[in-house]
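In: Next come a sequence and a model predicted from it.
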Amino acid sequence: MIIRDILTFKEGILYSVTPEQSVAEVLAQMVQAGIGSLVVHRDGFMVGLITERDLLRGLNIQGAAVLQETVSQLMVTDPIIGSPDDTIDYVRGVMTENRITHLPVMEGDNVIGIISFHDVAKACLNAVDFENRLLKRYIKHWPDEQDI
């Protein structure tokens, strides 16, 4: 399975903010949409990524004052990205090794989606479930010794 397959099952909504927006606005948008990351864009291009982890890090350092800061103060400006043709196994390894929970998927200069570690785990579980069903069907129809 590849990332493009995961993106086809997602809603296709790509949430984004600008670097000048306040952290309070970002937090409200994440909570309202039930998401854990936002693409930060300027003039139609991704200039960063902000995640729940970034918000927590800022809160830990600055306390409630962080809510008055701008996104540009907390965002990751050079996030690790994926390609729609990357395999799930590859992405799982990259996300685990780099301890990231959200991966922007780029096609050329365009962000076509974001996948979360939850999306990857769900895809892996679905693949294992499918494989298990095939194996059970194969075992159920195992030829007898006399048929070989």
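Out: Received it, and whenever you're ready, just let me know what you need.

In: quick one: average pLDDT of stretch 104-117?
Out: Here the mean pLDDT over stretch 104-117 is 93, rounded to a whole number.

In: If you count residues, where's the longest helix of the chain?
Out: Here the longest helix in the chain is taken by residue count, with DSSP state H as the criterion, and it is helix 117-140.

In: Now do the buried residues in it.
Out: Of the residues in helix 117-140, Phe117, Asp119, Val120, Ala123 count as buried by neighbour count, 16 or more other CB atoms under 10 Å. Where C-beta positions appear, they are placed from N, C-alpha and C, glycine not excepted.

In: Please look at Val91 and Ile3 and confirm they touch.
Out: Yes - with contact defined as CB atoms under 8 Å, Val91 reaches Ile3; the gap is 6.1 Å.

In: which neighbours do these two share?
Out: Contact criterion CB atoms under 8 Å, 6 or more residues apart in numbering; residues bridging Val91 and Ile3 by contacting each: Gly82, Ile115.

In: And for the lowest-mean-pLDDT helix or strand in the chain, what's in contact with it?
Out: Confidence across the helices and strands of the chain bottoms out at helix 117-140, with a mean of 76, counting by mean pLDDT, DSSP states H and E. Applying CB under 8 Å, 6+ apart, the contact partners of helix 117-140 are Met1, Asp5, Ile6, Lys10, Ile88, Val91, Arg92, Met95, Ile100, Thr101, His102.

In: TSV please, covering those residues and showing secondary structure.
Out: Supplementary listing: the contacts of helix 117-140 in TSV, determined by DSSP: H, G, I helix; E, B strand; the rest coil:
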residue	secondary structure
Met1	coil
Asp5	helix
Ile6	helix
Lys10	coil
Ile88	helix
Val91	helix
Arg92	helix
Met95	helix
Ile100	coil
Thr101	coil
His102	strand
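
In: are any of these buried, and which?
Out: Applying 16+ other CB under 10 Å to the contacts of helix 117-140, the neighbour count classes Ile6, Ile88, Val91, Met95, Ile100, His102 as buried.
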